[in-house]
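Undergrad: Could you work out the structure for the sequence below:
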Amino acid sequence: MLKSIARTENALAHILNAEGEKLQKAIELADNICDLLKVNQSVQQTVTKVTFLEQVLYAKLEALECCRFDCPTDNSEPES
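TA: This next block holds a predicted model:
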């Protein structure tokens, strides 16, 4: 489960990076404010969806924490 969360986080990071690149290109190429506003709205929708997915992933991580076994933190052998 932890690996699945990590892979999803990595994918979301790539999505956010692509959205940033989209904004940069739009700023570079836009002829008017309306074009920029359309791109901005698209990016905003994507960021909102990513935020919701982050909340789901956080809930999964919290569930894993609740189910975690208590393991000793040191490597010492138990006393007999």
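Undergrad: Could you list the buried residues of whichever helix or strand residue 28 is part of?
TA: For residue 28, the host element (DSSP states H and E) is helix 2-29. The neighbour-count check on helix 2-29 (16 or more other Cβ atoms under 10 Å) flags 12, 19, 26 as buried. Quick note: C-beta positions are derived from backbone N, CA and C, even for glycine.
Undergrad: That one packs against which elements?
TA: helix 33-67 (3 or more Cβ pairs under 8 Å, 6 or more residues apart in numbering; DSSP states H and E).
Undergrad: Mind checking what secondary structure residue 31 has?
TA: coil (DSSP: H, G, I helix; E, B strand; the rest coil).
Undergrad: Might you report the residue contacts of it?
TA: Residues near residue 31 by Cβ atoms under 8 Å, 6 or more residues apart in numbering: none.
Undergrad: Angles on the backbone of it, please.
TA: phi -90, psi -20 (degrees, to the nearest 10).
Undergrad: any idea how far it lies from residue 38?
TA: 12 Å (Cβ to Cβ, to the nearest Å).
Undergrad: Next: residue 9.
TA: The value you get for residue 9 to residue 38, if Cβ to Cβ is used, is 29 Å.
Undergrad: Can you report phi and psi for the residue nearest to residue 36 when sequence neighbours are not counted?
TA: In space, not counting the residues next to it along the chain, residue 36 is nearest to residue 30; the distance is 4.7 Å by Cβ to Cβ, 6 or more residues apart in numbering. Dihedral pair for residue 30: phi -60, psi 140, per degrees, to the nearest 10.
Undergrad: wait, residue 40 sits on residue 23?
TA: Yes: with contact defined as Cβ atoms under 8 Å, residue 40 reaches residue 23; the gap is 7.4 Å.
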